[in-house]
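S.K.: Starting from these lines, generate the structure:
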Amino acid sequence: MVRIYSGLVLLLVLAFAFDWFPNEIKRPPGVLVADEPEQNPVARPEPWRYKDYRITPLADFHLQARVLMTERYWLGRETQLSPVDLTVGWRLMSDQAILDQLDIYRGFRMVYWRPKSGHWPAPHEDITAHVANLHTIPAKDDIDSRLKSIRPGNLIDLRGYLVLAEGAGGWSWRSSLSRTDEGPGACELVWVDKLAAR
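M.R.: Residues are numbered from 1 along each chain as shown. Predicted structure coming up:
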């Protein structure tokens, strides 16, 4: 029993030491990000190689948003490309008064939300249209470091591409290009060229 307790304590110490549970930055009520993401199809996409993958840009992407959740990954093929997911919101989903009324949670690299009281604080379709789960691919090592230091509550300015990634054996991973879809395939796969956070 003592060994089990000691092991749990050690695991918690390591978790906080490696920032597995990043502290949330508290924000006041009110819309913190008023702008919609900017997204434009790439007319003549020119793929490039990244690690053992072919990356094809589908759309230019510029996002300003509030970070709602972060998650780091170590296992699985997708982790070779995208070790960090950011769940982000803008407009009403950047407002603490709305967020306080929702449970937002993650499973299998997808994000879900439900009302805490049984009553939605805003129409479900409006919530869906103002939240996104980003599978991030860092273009450079410094972007990788910045992504891993992001905390819930950060306000970010991100630029890059929504992409299609293809690998050996017919494997592929394609970004959603819609702001209103849900479920499998609804997440954005983002090649991150620039990232600022505050």
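S.K.: Secondary structure element for the most centrally placed residue in the chain, which one?
M.R.: The structure's the chain has its C-alpha centroid closest to L86; by Cα atoms, centre = their mean the separation is 1.9 Å. Per DSSP states H and E: L86 is located in strand 84-89.
S.K.: related to what we said a few turns ago, so the residue nearest to the centre of the chain versus P123, what's the distance?
M.R.: 24 Å (Cβ to Cβ, to the nearest Å). All C-beta atoms are positioned from the backbone trio N, CA, C, and that covers glycine.
S.K.: same thing with S145?
M.R.: Distance, S145 to P123, by Cβ to Cβ: 38 Å.
S.K.: just E46 next, same as before
M.R.: Going from E46 to P123 by Cβ to Cβ gives 40 Å.
S.K.: Between those two, which has more neighbouring residues?
M.R.: P123 (10 against 7; other Cβ atoms under 10 Å).
S.K.: Check what pLDDT that one gets.
M.R.: If you check P123, the pLDDT there is 95.
S.K.: State the three-state secondary structure for T180.
M.R.: When classified by DSSP: H, G, I helix; E, B strand; the rest coil, T180 comes out as coil.
S.K.: How many residues are close by the closest residue in space to it that isn't next to it in sequence?
M.R.: Spatially, and ignoring its direct neighbours in sequence, T180 is nearest to A129 (5.2 Å; Cβ to Cβ, 6 or more residues apart in numbering). The number of residues packed near A129 is 18, by other Cβ under 10 Å.
S.K.: Check the chain for its longest strand and report it.
M.R.: Criterion DSSP state E: the longest strand present in the chain is strand 53-72.
S.K.: Specify the next element, helix or strand, located C-terminal of that strand.
M.R.: Downstream of strand 53-72, the first helix or strand assigned by DSSP H and E is helix 77-81.
S.K.: and that next one, what's its mean pLDDT?
M.R.: Averaging pLDDT along helix 77-81 gives 92.
S.K.: repeat for stretch 38-52
M.R.: In this model, stretch 38-52 has a mean pLDDT of 95.
S.K.: For it, buried residues please.
M.R.: Residues of stretch 38-52 classed as buried by neighbour count (16 or more other Cβ atoms under 10 Å): 39, 50.
S.K.: what about that stretch, start to end distance?
M.R.: One end of stretch 38-52 sits 29 Å from the other (Cα to Cα, to the nearest Å).
S.K.: can you give me the offset of that stretch from its chain's centre?
M.R.: 19 Å (Cα atoms, centre = their mean, to the nearest Å).
S.K.: How about stretch 103-116?
M.R.: On Cα atoms, centre = their mean, the centre of stretch 103-116 falls 12 Å from the chain's centre.
S.K.: Which residues in it does the neighbour count mark as buried?
M.R.: The neighbour-count check on stretch 103-116 (16+ other Cβ under 10 Å) flags 104, 109-111, 113 as buried.
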